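# Coordinates only, no sequence provided:
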């Protein structure tokens, strides 16, 4: 039963991270397309679109926060391992535990305050493009919740690996 739940959980986490990667890539395409159009129009006609920079920043925020989940899930983040790999298994466990705990200790209040920020922005709009300001902050909320899920899963895997290691040690 536990393996089935874990398989469903991992499938959900994988689908979530891949969906956020798709959103991130769409935002990147939007950034490149919008700025290319703006440069082309400005150089050819001498006319600049006033809202392009604001929408580009909006897309960059979504691109960044949506990309975090996939990068962390696929373990393609920058992580200095040369010192950790030289430690004994217990030391590696402690270092990894401290790193994951530190990230979670940061992410929980970050997500909570992002939630509060969204509520404080209700009814406010961007100055030029006139989109609701909370749309930009929503990227941080979605990214924060997704990262919490990814790192809770890493914490679970860390403890399961230790339990498995201890079982092998008992059998030997």
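Arrived safely, thanks for sending. Quantities reported herein were computed from a predicted structural model and do not represent experimental measurements.

# where does this protein dip in pLDDT?
For the chain, the stretches with pLDDT under 70 are 1, 79-82, 84, 172.

# quick one, strands of it?
Secondary structure of the chain (DSSP state E): no strands present.

# That one: helices as residue ranges?
Secondary structure of the chain by DSSP state H: the helices cover 2-45, 52-73, 89-121, 134-171.

# contacting residues for residue 141?
111, 114-115, 118 (Cβ atoms under 8 Å, 6 or more residues apart in numbering). To be clear about C-beta, it is placed using only N, CA and C from the backbone, and glycine gets the same treatment.

# filter the residues you listed to the buried ones?
If you count burial by 16 or more other Cβ atoms under 10 Å, the buried members of those come out as 111, 114, 118.

# Residue 35 versus the closest residue to residue 140 other than its chain neighbours, what's the distance?
Spatially, and ignoring its direct neighbours in sequence, residue 140 is nearest to residue 114 (4.5 Å; Cβ to Cβ, 6 or more residues apart in numbering). According to Cβ to Cβ, to the nearest Å, residue 114 stands 27 Å off from residue 35.

# same question, residue 163
Residue 163 is 50 Å from residue 35, where distance means Cβ to Cβ.

# what do you get for residue 137?
Residue 137 sits 23 Å away from residue 35, going by Cβ to Cβ.

# Counting neighbours around each, name which of those two comes out higher.
residue 137 (20 against 15; other Cβ atoms under 10 Å).

# Okay then, goodbye and thanks.
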